[in-house]
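Chemist: predicted model and sequence below, questions to follow.
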Amino acid sequence: MEIKKPDRATLKSYFVKNAMPTASNFADLIEGLINQRDDGLAKPAGEPLSLQAEGDDTSQKKAINFYRSFADAKPAWALSLNPRADPAKPDTARPGWSIADADGASRLFIDQSTGNVGIGTVTGGYKLNVQGAVQVVHQNQDANYGALFLGPGDKSNLRLGYHADYSWIQSHGAKPLAINPLGNNVGIGTDKPRAALEVKGGAIMPSAGNAATAGIQFPPDPGGGSGDAAWIRYYPRQGESCTLELGTSNDADDHIALMPSGNVGIGTTDPKAKLDVNGKLQVQGDLRVQGHLIRKVYVATGLGPGDATSNGQIVTRVLTFTKLYDDSAIRILYCDNLRVAGGNSSARWEIRIDGKSAPGGAIYQDKYGEPGNHHDPTTIMGYATGVKAGSHTIGIWVNGTAYPGHRLDPYTGWLNSRWTLEAQEVWI
């Protein structure tokens, strides 16, 4: 800023002893003084110092310019009473109290009509309007305090703050914290949430436990009534033995339904049917199947050969079977063409497990000879109990002494006829 008026030392030189001041000297003296009317600065008796802003109503009504040095081309700060949102556009002016920078941009503003405060802006319909980032620095605190405190201290209020190990947001006054109660989605790890809550790049970790305060608890009584509930929980039953529980409660018609577009696998990631269980399946109660029930049956079969063994194992009739449970039974069926020739002859064909009679009672059939050489289709079936879980071998033994005094002449199979050994695990 250029100041053309003489300084105080020059003015004093005009009025030294024996000097003859000129009209120009008196003019410089008068111009160097402050005139309350001309300069807009007044101090009426009993009133504070008063300043009148410069310019008409279309100007920014600047009241004070603050310079670091009068040698500077622009003031460092300016106090004005009609600042503009855009210093170059008079139609953006807004009456109020403003501190602006060297270019006329308002940095701090108080609206004359509303009292609203603007930081970096002269617009905004709130008590505090900030254009730009805000940093609140406070000491490390837990959620009982707060660097930013919204609301009355003795009622519902919201507090935000930071601790040395985390940042936090906390609702106080024994009131809940509502996020977007009027709608719109919330994203964690994403700025484009596609649902009310979408989490990206991390897991959702509910608390563990077997209570309504743990896991995922769905809203109660969605269809009216009372007592209806549904949940997903993960909890330890005893020690490290844990359960993932999916449950509903209250009424017998409260169901759990899996509705996949494909198949459901238990113990497999490549299910081949609507429900594919890779492992043991135990049903304690009735099993109702509306459709076809396909059971796994162990089978050995063949066409012959005939075997004239009269006392011992028929080595060609063998089936290997894997039993799953200790307390189940094995239903065994043996079909073959058997013969006892001539009168006064007999034989016994027995189904054995691992070379021994079935623990719960032997499974066999006796045949008695008739005149002639008759080969008859025969079926032997029985249930073996008391067999432990694991792999077992089922075979056929023949004994030609089924009846004392009878002669031996058994024959198993005939002309490559079909024989079959079949076993399946059952509950009885």
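Modeler: In hand now; what should we look at?

Chemist: use CA for all of it now, contacts and neighbours both
Modeler: OK.

Chemist: state the distance from the residue lying closest to D101 once chain neighbours are set aside to N65.
Modeler: Distances taken as Cα to Cα, 6 or more residues apart in numbering put W77 closest to D101, at 4.8 Å, once the chain neighbours are dropped. Between W77 and N65 the computed distance is 6 Å (Cα to Cα, to the nearest Å).

Chemist: quick one: mean pLDDT for stretch 363-373?
Modeler: Mean pLDDT, computed over stretch 363-373, is 84.

Chemist: oops, could you answer that again for stretch 19-39 instead?
Modeler: Stretch 19-39 comes out at a mean pLDDT of 86.

Chemist: now swap in stretch 301-320 and tell me
Modeler: 95.

Chemist: go on, stretch 49-68?
Modeler: Stretch 49-68 comes out at a mean pLDDT of 90.

Chemist: correct me, but R418 touches D336?
Modeler: Yes - with contact defined as Cα atoms under 8 Å, R418 reaches D336; the gap is 6.7 Å.

Chemist: these two - which one has more neighbours?
Modeler: Set side by side, R418 and D336 show more neighbours around D336, with 24 against 16, by other Cα atoms under 10 Å.

Chemist: L408: neighbouring residues, count only.
Modeler: 20.

Chemist: sorry, back to before: when W77 and N65 are compared, which one has more neighbours?
Modeler: W77 (20 against 16).

Chemist: got the contact list for the more buried one?
Modeler: 65-67, 99-102 (Cα atoms under 8 Å, 6 or more residues apart in numbering).

Chemist: ok, and the most crowded of the residues you listed?
Modeler: A100 (24 neighbours).

Chemist: what about the residue nearest to L128 when sequence neighbours are not counted, distance to G161?
Modeler: Nearest non-adjacent residue to L128, counting by Cα to Cα, 6+ apart: V117, 4.8 Å away. To G161, V117 is 24 Å away according to Cα to Cα.

Chemist: with L415 instead?
Modeler: L415 is 93 Å from G161, by Cα to Cα.

Chemist: neighbour-wise, which of the two wins?
Modeler: Neighbours were counted for L415 and for G161 using other Cα under 10 Å; G161 has more, 23 against 10.

Chemist: got the phi and psi for that one?
Modeler: Main-chain dihedrals, G161, degrees, to the nearest 10: phi -170, psi -170.

Chemist: quick check, it in contact with A143.
Modeler: Yes - here G161 reaches A143: they are 7.2 Å apart, a contact under Cα under 8 Å.

Chemist: what touches both of the two?
Modeler: 168-169.

Chemist: would you mind measuring the gap between the ends of stretch 181-197?
Modeler: 13 Å.

Chemist: now do the buried residues in it.
Modeler: Within stretch 181-197, the residues scored as buried using 16 or more other Cα atoms under 10 Å are 186, 193.

Chemist: check stretch 215-222 too.
Modeler: 215-216.

Chemist: Q141 and Q282: what is the separation?
Modeler: 55 Å.

Chemist: neighbour count: those two, which is higher?
Modeler: Q141 (17 against 7).

Chemist: mind checking what secondary structure that one has?
Modeler: coil (DSSP: H, G, I helix; E, B strand; the rest coil).

Chemist: can you give me phi and psi for the residue nearest to D101?
Modeler: Per-residue torsions, W77: phi -140, psi 160 (degrees, to the nearest 10).

Chemist: can you name the residues bridging to it?
Modeler: F66 (DSSP bridges).

Chemist: neighbours of G342, how many?
Modeler: 17.

Chemist: count the neighbours of the nearest residue to W349 once chain neighbours are set aside for me.
Modeler: What sits nearest to W349 in space, not counting adjacent residues and going by Cα to Cα, 6+ apart, is V398, at 4.5 Å. Counted with other Cα under 10 Å, residues neighbouring V398 total 24.

Chemist: just name the shakiest helix or strand of this protein by mean pLDDT.
Modeler: helix 36-39 (a mean of 80; mean pLDDT, DSSP states H and E).

Chemist: how about that helix as PDB, C-alpha atoms only?
Modeler: What follows is helix 36-39, C-alpha atoms only, in PDB (Å, rounded to 0.1, in the frame of the first residue of the first chain):
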ATOM      1  CA  GLN A  36     -14.600  11.300  12.400                       C
ATOM      2  CA  ARG A  37     -17.000  12.300   9.700                       C
ATOM      3  CA  ASP A  38     -14.800  12.000   6.600                       C
ATOM      4  CA  ASP A  39     -12.800   8.900   7.800                       C
END
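
Chemist: buried sites along it?
Modeler: By neighbour count on 16+ other Cα under 10 Å, the buried set for helix 36-39 is empty.

Chemist: helix or strand next in line after that helix, which one?
Modeler: strand 41-42 (DSSP states H and E).

Chemist: neighbouring strands for that next one, and are they parallel or not?
Modeler: strand 50-51 (antiparallel).

Chemist: thought the residue nearest to L128 was touching S106?
Modeler: No - in this structure, V117 is not within contact of S106 by Cα under 8 Å, at 11.5 Å.

Chemist: quick one, grab the pLDDT at P404.
Modeler: Reported pLDDT at P404 in the predicted model: 68.
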